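Undergrad: pasting the sequence and the predicted coordinates here, then a few questions.
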Amino acid sequence: MIRSRFCKNCGLKVTGEDSVCPSCKAALPPLVPENPAGKAQKIFLFGLLSLILFWFPLAGIVLSVIALCFWTSNNGIVRNIAKAKTGRILAIIGLICSIISNAFTILVMSVGNLSIWAEETWEGIVGWALDIPADFENNFITDDRYQYIFKGLGITFEVTIFAALLGIALGVIVALIRSSYDTLKEELRGGFGKKFLSFLNKLCGLYLTVIRGTPVVVQLMIAYFVIFVSSNNKVLVAVLAFGFNSGAYVAEIIRGGIMSIDKGQFEAGRSLGFGYVRTMAFIIVPQAFKTVLPALANEFIVLIKETSVSGYIGLQELTKGGDIIRSRTYSAFMPLIAVAVIYLVIVIFFSKLVSMLERRLKKSER
Amino acid sequence: MSADNQVIISVKDLKKHYNDGDIKALDGISTDIKKGEVVVIIGPSGSGKSTFLRSLNLLERPTSGTITFEGQDINDPSCDINLLRQNMGMVFQHFNLFPHLTILRNMTIAPMKLHGLPKEVAEKKAKELLARVGLEDRASSYPSQLSGGQKQRIAIVRALAMDPDVMLFDEPTSALDPEMVGEVLDVMKGLAKDGMTMVVVTHEMGFAREVASRVIFMDDGVILAEGTPDEIFNDPDNDRLRTFLAKVL
């Protein structure tokens, strides 16, 4: 374990024993105290380790006892089959835990010099724990580095939301063109209308093939470095690139939803006298929306995470923000974990929101 | 009524071919349907009964031939199909109620959007129709909460809410449990008694015998026999019809 500190002045990572920063001569925070590594410590450590190692068989024993309790309750007569099943599963987990722990213990013992291993682990754990405040300060507080995360998050939101709106608008248009071509090609009697619709359909087919057949990073770079060479508005380029990309997937999701609605629904609407557009608007789309909602939500989640490649065109969104901090402080753990946690929180929050909406939509049908 | 004999639908040499004529679903159908008539179409599966019925409101587009509805050639490009369909109610084998709407909304959506009826008026009318089929307490239910027979009765009054001149029934009882067939047929009998012009494709021979003013027997896309129920059921003069009746009666 190489112990290190960070200069609060210049952010340099110092690994030696110096008391001042080698580059800017500012005072360094004190070094992590040396582990006395006396005998008592070693015994304590051994105890701690055995406890940790013991935890697995302990879990096995506890789970097995719980399982036995379930098993033998009600004078040995299994009244609650679900409980008995749970007990059996717990017992099996306990058994597996015991096996793993025993294998692990034997492995560690046979590897040999336990005390060296233990000492290094001790320093590793304690050093890391003692580093946390300094590490945090260095990565987020110094030079207002948290701003990279905050501003990046703002740009991630901006790109995602506008790209999602563009994607949904495009997707709905493409889906409607493609599904109306499928249903109307029989009904239209030729002439300009049919030719025009057929042309639009082919255009949409081309769009879907190209967009879905190439990686989004490549599309983004083509948009920035080839198509919008003269533009310096990276956010706008990212919105357009991700919007056009997402539109292709949304189009197929919505088309799938429209096609999943029974043909009889369409005929019923038409037989009442509704035209094509009104049948779609009043009867097909409201039903299709319910079916495609989970897939659409998933597409939105994918989009949020996909915007993380915007760094390729130098757009400073959330991921790039974390990466910039990493490149300044030479410490990867804090900024990258922070970025990951932020994405995770957004996605979890959004998933909850969608499942609430789904439940509400379902209620209207019961 | 002086208009009793007025022809409302006139079909001439109607053909519907699939696969460039390999499959002839309809192969030259000609018939006139008069106002107030109840025409029942019978025949084996695949004989083209449903295709014929669906051609009448252009859910199937005929390959050739003419269909004249109230003096208008419906296959003519100048014909407003949507207006035509507003005057032709259709009841499907699988009900096709709109599952995302309440019963009341199922019945009022078309009159409100197409006839421009105010909500209260459309709802009042819908409730009257619901009372007629004994389902007035179901107005705020959703279709998934109804039995098959109830769904089909709703489907009938949903079509009636548009005040059509003709009602088309495409095997309305085929998807129902046997004990629910009666309640639907009763509604249809009531309609016939009120003088509604009806074209019914069905396998319910009892209904045909009792209610029909004319029975058409179809097979292989052509009309093989046509006449009053008495002529068709008691004195069949066609071999194919006789074997068919022997099987179904």
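TA: Perfect, I can see it now. Numbers count the residues shown, from 1 in each chain, chains lettered A, B, ... in the order given.

Undergrad: is stretch B:120-139 anywhere near chain A?
TA: No: figure legend: stretch B:120-139 not in contact with chain A (CB under 8 Å from any CB of the partner chain); closest approach 13.0 Å. Where you see a C-beta, it was placed from the backbone N, CA and C, and this is true even at glycine.

Undergrad: could you export that stretch as PDB, CA atoms only?
TA: Output in PDB follows, covering the C-alpha atoms of stretch B:120-139 (Å, rounded to 0.1, in the frame of the first residue of the first chain):
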ATOM      1  CA  GLU B 120     -75.800  15.900 -22.400                       C
ATOM      2  CA  VAL B 121     -77.800  15.100 -25.400                       C
ATOM      3  CA  ALA B 122     -75.600  12.200 -26.500                       C
ATOM      4  CA  GLU B 123     -75.600  10.800 -23.000                       C
ATOM      5  CA  LYS B 124     -79.400  11.000 -22.700                       C
ATOM      6  CA  LYS B 125     -79.800   9.200 -25.900                       C
ATOM      7  CA  ALA B 126     -77.200   6.600 -24.900                       C
ATOM      8  CA  LYS B 127     -79.000   6.000 -21.600                       C
ATOM      9  CA  GLU B 128     -82.300   5.500 -23.400                       C
ATOM     10  CA  LEU B 129     -80.700   2.900 -25.700                       C
ATOM     11  CA  LEU B 130     -79.000   1.200 -22.700                       C
ATOM     12  CA  ALA B 131     -82.400   1.000 -21.000                       C
ATOM     13  CA  ARG B 132     -83.800  -0.600 -24.100                       C
ATOM     14  CA  VAL B 133     -81.300  -3.500 -23.800                       C
ATOM     15  CA  GLY B 134     -81.600  -3.600 -20.000                       C
ATOM     16  CA  LEU B 135     -78.100  -2.400 -19.200                       C
ATOM     17  CA  GLU B 136     -78.700   1.100 -17.900                       C
ATOM     18  CA  ASP B 137     -76.800   0.300 -14.700                       C
ATOM     19  CA  ARG B 138     -73.700  -0.500 -16.600                       C
ATOM     20  CA  ALA B 139     -73.100   3.000 -18.100                       C
END
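
Undergrad: tell me which parts of chain B are close to chain A?
TA: Close to chain A, as judged by CB under 8 Å from any CB, chain B has residues B:57, B:59, B:61, B:77, B:82-83, B:85-86, B:88-90, B:92, B:94, B:96-100, B:109-110, B:113-114, B:142, B:144-145, B:158-159, B:162.

Undergrad: any quick ChimeraX command for the buried ones out of those residues?
TA: To isolate the buried subset of the residues of chain B next to chain A in ChimeraX, counting by 16 or more other CB atoms under 10 Å in any protein chain shown, use the following:
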select /B:57,59,82,85,86,88,89,90,92,94,96,97,98,99,100,109,110,113,114,142,158,159,162
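
Undergrad: mind checking which of the residues of chain B next to chain A land in strands?
TA: B:M88, B:G89, B:M90 (DSSP state E).

Undergrad: okay, and which of the residues of chain B next to chain A map to helices?
TA: B:N82, B:L83, B:R85, B:Q86, B:I109, B:A110, B:K113, B:L114, B:R158, B:A159 (DSSP state H).

Undergrad: low pLDDT regions in the stretch 201-350 of chain A?
TA: Counting by pLDDT under 70, not a single residue of the stretch 201-350 of chain A qualifies.

Undergrad: against which helices or strands is the longest helix belonging to chain B packed?
TA: Secondary structure of chain B read by DSSP H shows that its longest helix is helix B:178-193. Helix B:178-193 is packed against helix B:148-160, strand B:197-201, helix B:205-211, with contacts defined by 3 or more CB pairs under 8 Å, 6 or more residues apart in numbering or on different chains; DSSP states H and E.

Undergrad: residues of the stretch 151-300 of chain A that sit close to chain B?
TA: Counting by CB under 8 Å from any CB, the stretch 151-300 of chain A sits next to chain B at A:186-187, A:189, A:262, A:264-265, A:267-275, A:278, A:282-283, A:286-287, A:290.

Undergrad: tell me the spacing between the residue nearest to B:V248 when sequence neighbours are not counted and chain A.
TA: Excluding the flanking residues, the one nearest B:V248 by CB to CB, 6 or more residues apart in numbering or on different chains is B:M205, at 5.9 Å. According to CB to the nearest CB, to the nearest Å, B:M205 and chain A sit 26 Å apart.

Undergrad: and B:M205, how far is that from B:P99?
TA: 32 Å (CB to CB, to the nearest Å).

Undergrad: check A:D182 too.
TA: Counting by CB to CB - A:D182 and B:P99 are separated by 22 Å.

Undergrad: how about B:P164?
TA: 23 Å.

Undergrad: take the helices and strands packed on helix B:178-193 and write them to JSON lines, including mean pLDDT and distance to A:L165.
TA: Output for the helices and strands packed on helix B:178-193, formatted as JSON lines (pLDDT from 0 to 100; distance: least, CB to CB, whole Å):
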{"stretch": "helix B:148-160", "mean pLDDT": "94", "distance to A:L165": "37"}
{"stretch": "strand B:197-201", "mean pLDDT": "94", "distance to A:L165": "48"}
{"stretch": "helix B:205-211", "mean pLDDT": "91", "distance to A:L165": "55"}
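
Undergrad: quick test: name the residue nearest the centre of chain B.
TA: Most central in chain B under CA atoms, centre = their mean is B:L168, positioned 1.6 Å from the mean C-alpha point.

Undergrad: please identify the helix or strand for that one.
TA: Element membership of B:L168 [criterion: DSSP states H and E] is strand B:166-170.
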